[in-house]
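Visitor: This is a predicted model, with the sequence first.
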Amino acid sequence: MADDSSLSFKLSHRLTAQDSTFLYGESRSGPLHIGSISFFEDVVTLEELKHQIAARIHLLPRYRQRLAFVPFNLANATLEDDPDFQLDNHVKHHRLPPGTKLAEFVKFAMQIYEPPLDRARPLWEMHLIDGLEGGRSAIVWKIHHCLVDGVSGMELLSVVLDLSPDASDPPPPTQPWNPKPLPTVFRSLVDGLFDLAAGQLAQLRRSAVSLENLSSLPSLLAPLASSASTMRRMFERRIVSTPWNARPVSQQRALDWVKCPFSDLRAIRSELGGTINDVVLTILGEGAARYLKHHRVNAQDQSLRIGCPVSVRREQESGSLGNRVSMMFPEMPAAPMNPAQRLKLIAEETARIKAAAEPQALESLMGVADSTPPALVSMSASVALSMLEGLGAMMRAIPPGWRMFSMPAPGFNFIATNVPGPQVPVYLNGHRMVEYVGLVPLGGNLGYGVAIVSYNQNLYFGLMAEPHVMPDPGLMRTYVEEALAQLRAAVSLSDQPVLQPAARRIKKRSLATPAPIPAVVMPASGRPTARPG
């Protein structure tokens, strides 16, 4: 990645329409940052972490830039050098009582992860947490989705961490960082109108070229027709109503996760067919089906639909930030079944989706958003989010026994995003990262989502939930474990358990949204207590 002497990164960068949707679609209850938890084998000091970032920040120029909005959202926001950038605003330290159990750490980490990022600063944070049982440290990462998707977020990890415990710092920048002043409101307005006009003109030129070459029109219109057909099928076919889709989410989050050796998934794929992704969807789909049965949801003859982000990042776009993703929406039975039979159905479903090129068709449809006025998008999103926030607050205030209705799923039941990570150990100033769990955003009435992250020959299923609609993510973890155990048994793998639950069942927290907790001390009572750092 280029350093800050590169002219291209000294210039402002206007967000794409896809990047901007993560700003317009964000609410206090549904902040749209992504993140992760990195566990290290021993204690990482704040000085070490700050040195690691400071020595590499010139390789991450976008992380010293902040948003500059155009008046009335007449154009999408730009990223501009932040003259007030200070590393201390983004790298923070928390001390838990020595020997803090994993479940208590997870609760604390979620309180850090829950609040939206400050839009007046570069949109990322790293929180170093000490005191975990076993004398370990962990880092909670938060990065706004308008900056990165899963793939480009993983590239960030590769810049910050090292492949060797004795790696040296990268060469320093060739020039000192000299941030330019933030644009004035008038300048933002003029530049925004100019870029908007240029974009519309480019769109007209592309349309004119297409009209001149009429023979190419069928190939150009085919993806749009295919994506429209996919969207119509999604809204016409009824999917199961789940507890985690029943009402809009609050800001609170709960987390559990499991770990599985990649070798087991390869063995299941080789013996039973499909792809690694098909095996993953089978495990998650069967886990969800059994969770629904436990909660007495009538799912017979109904479908479960999973939203799966698909990277459309081209090879020449490697190293660039921003979002380059499409989606696919595989369907499967919502009632429990033999996992091996489910894998066969899912393999057939994903093969059909790929043959129909549905993700590529959806990408073409999403490209139409580039010509939609940002002011219209932002205004529509603001109205919809305000309604959802109000509805969610009202529904949470009504006692469960008095609730007269539940919301339907918003086209799919939950998101499962698969992000490939480094398959060898990585280090922070010599400290080995031993576990890596991905964190996904939730919002609207999507109260459950899964980040599937690979690291060092293992796969981690990060089960993120909103505790009002899913107070028992540990139960979901149990059913995911069962599904994988049955697949392992079907291919005669060892009976030794391979899925290692990371945290015990997380109890439902108070209905009050907790404030961010910058530090924790151990008072005389022996219980962790918040205290400003």
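Guide: That came through, no problem.
Visitor: Show me where the stretch 351-500 of the chain has its helices.
Guide: Here the stretch 351-500 of the chain has its helices, by DSSP state H, counting those that start in this stretch, at 358-367, 374-397, 473-490.
Visitor: Flag the shaky bits of the stretch 101-250 of the chain, pLDDT-wise.
Guide: Scanning the stretch 101-250 of the chain for pLDDT under 70 picks out 149-155, 199-200, 202-236.
Visitor: same question, the chain
Guide: For the chain, the stretches flagged by pLDDT under 70 are 1-11, 149-155, 199-200, 202-236, 312-324, 358-371, 399-405, 494-533.
Visitor: Domains in it, by residue range?
Guide: Here the domain parsing of the chain from automatic domain parsing is 7-176+183-190, 234-369+405-513.
Visitor: ok so, going back, if you compare the helices of the stretch 351-500 of the chain, which one is most tucked away?
Guide: Mean neighbours per residue, mean count of other CB atoms under 10 Å, is largest over these for helix 473-490, with a mean of 21. C-beta coordinates here come from the backbone N, C-alpha and C atoms, glycine included.
Visitor: and the residue nearest to residue 421 when sequence neighbours are not counted, what is it in contact with?
Guide: Distances taken as CB to CB, 6 or more residues apart in numbering put residue 455 closest to residue 421, at 4.5 Å, once the chain neighbours are dropped. With CB atoms under 8 Å, 6 or more residues apart in numbering as the criterion, the residues that contact residue 455 are 421, 422, 423, 433, 435, 436.
Visitor: any idea how far the second one is from residue 38?
Guide: In this structure, residue 422 lies at 12 Å from residue 38, with CB to CB, to the nearest Å as the measure.
Visitor: who has more neighbours, the two?
Guide: Under the criterion of other CB atoms under 10 Å, the comparison of residue 422 against residue 38 puts residue 38 first, with 24 against 16.
Visitor: Assess the claim that the more buried one and residue 129 are in contact.
Guide: No. Residue 38 is beyond contact range of residue 129, at 10.3 Å (criterion: CB atoms under 8 Å).
Visitor: what kind of secondary structure is the closest residue to residue 488 other than its chain neighbours in?
Guide: Spatial nearest neighbour of residue 488, excluding adjacent residues (CB to CB, 6+ apart): residue 264 at 6.1 Å. Using DSSP: H, G, I helix; E, B strand; the rest coil, the structure places residue 264 in helix.
Visitor: Now do residue 264 against residue 280, distance only.
Guide: Separation of residue 264 from residue 280 (CB to CB) stands at 12 Å.
Visitor: Residue 97 in helix, strand or coil?
Guide: Assigned with three-state DSSP, residue 97 falls in the strand class.
Visitor: Quick one: neighbours of it, just the number.
Guide: Residue 97: 16 neighbours (other CB under 10 Å).
Visitor: CA atoms of the helix or strand hosting residue 109 as CSV?
Guide: Following DSSP states H and E, one finds residue 109 within helix 102-113. The C-alpha coordinates for helix 102-113 follow below in CSV (Å, rounded to 0.1, in the frame of the first residue of the first chain):
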residue,chain,number,x,y,z
LEU,A,102,-14.1,-14.8,29.7
ALA,A,103,-17.9,-14.2,30.0
GLU,A,104,-17.3,-11.0,32.0
PHE,A,105,-14.7,-9.8,29.5
VAL,A,106,-17.2,-10.4,26.6
LYS,A,107,-19.9,-8.3,28.3
PHE,A,108,-17.3,-5.5,28.8
ALA,A,109,-16.1,-5.8,25.2
MET,A,110,-19.6,-5.5,23.9
GLN,A,111,-20.2,-2.3,25.9
ILE,A,112,-17.1,-0.9,24.1
TYR,A,113,-18.4,-2.2,20.7
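Visitor: Test my guess that residue 89 contacts residue 123.
Guide: No. Counting by CB under 8 Å, residue 89 sits too far from residue 123 to count as a contact (11.5 Å).
Visitor: any chance of the helices of the stretch 351-500 of the chain in a markdown table, plus distance to residue 78?
Guide: A markdown table is the format used below for those (distance: least, CB to CB, whole Å):
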| stretch | distance to residue 78 |
| --- | --- |
| helix 358-367 | 21 |
| helix 374-397 | 12 |
| helix 473-490 | 38 |
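Visitor: from the contacts of residue 455, which two are the most distant?
Guide: Largest separation among the contacts of residue 455 by CB to CB: 423 and 435, giving 14.5 Å.
Visitor: Which of those two has more residues huddled nearby?
Guide: Set residue 423 next to residue 435 and count neighbours by other CB under 10 Å: residue 435 wins out with 19 against 11.
Visitor: Enumerate every residue touching that one.
Guide: Here residue 435 is in contact with 37, 38, 39, 259, 455, 460, 502 (criterion: CB under 8 Å, 6+ apart).
Visitor: what residues are up against the first one?
Guide: Which is residue 37. Contacts of residue 37 (CB under 8 Å, 6+ apart): 109, 138, 139, 140, 141, 435, 436, 437, 439.
Visitor: All the helices of the stretch 201-350 of the chain, in order from the start?
Guide: Ranges of helices within the stretch 201-350 of the chain are 217-236, 262-272, 276-294, 339-355, based on DSSP H, counting those that start in this stretch.
Visitor: coming back round to it: who does the residue nearest to residue 421 bridge with?
Guide: With DSSP bridges as the criterion, residue 455 is bridged to residue 458.
Visitor: Okay, it and residue 15: tell me how far apart.
Guide: Between residue 455 and residue 15 the distance, using CB to CB, works out to 29 Å.
Visitor: ok, now residue 57?
Guide: Distance of residue 57 to residue 15, given as CB to CB: 21 Å.
Visitor: residues near residue 407, how many?
Guide: If you count neighbours by other CB under 10 Å, residue 407 ends up with 16.
Visitor: Is it in contact with residue 246, as I believe?
Guide: Yes. Here residue 407 lies in contact with residue 246, judged by CB under 8 Å, at a distance of 6.0 Å.
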